[in-house]
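> any chance you can model this:
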Amino acid sequence: MWFVKPRNPEEHRYYLLPGQGKSNRRKRRQQLVAALIAGAVFAAGLASLMWVLNEQR
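Numbers count the residues shown, from 1 in each chain. Predicted structure coming up:
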């Protein structure tokens, strides 16, 4: 134990910046899923509108 340096608790301390916590990741994932669902619904609606307009000819 002569060559072991004393343990410094400050050496392993870290701080989370705003937006790095679990709740922020969960919120961003929910927003991503909601955006993907909204995009799919919008694309399906636009595709069906284009199909209906094309069938009328």
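
> what confidence value was assigned to Gly21?
The model reports Gly21 with a pLDDT of 81.

> ok, now the one 3 residues further on?
Taken from the predicted model, the pLDDT recorded for Asn24 is 88.

> all helices for the protein, in order.
Counting by DSSP state H, the chain has helices at residues 22-55.

> where does pLDDT dip in it?
1-3, 5-6, 9, 57 (pLDDT under 70).

> burial measure for Glu11, as a count.
7 (other C-beta atoms under 10 Å). (Glycine included, C-beta is placed from N, CA and C.)

> what about it, distance to Ala38?
To Ala38, Glu11 is 46 Å away according to C-beta to C-beta, to the nearest Å.

> can you check Glu55 too?
Counting by C-beta to C-beta - Glu55 and Ala38 are separated by 26 Å.

> who's more crowded, these two?
Ala38 (10 against 7).

> give me the number of residues near Leu32?
Neighbours of Leu32 using other C-beta under 10 Å come to 10.

> err, Asn54, not the other one
8.

> try Ile37
10.

> can you pull the contacts of it?
By C-beta atoms under 8 Å, 6 or more residues apart in numbering, Ile37 lies in contact with nothing.

> can you check the one 10 residues further on too?
In this structure, Ala47 makes contact with no residue, judged by C-beta under 8 Å, 6+ apart.
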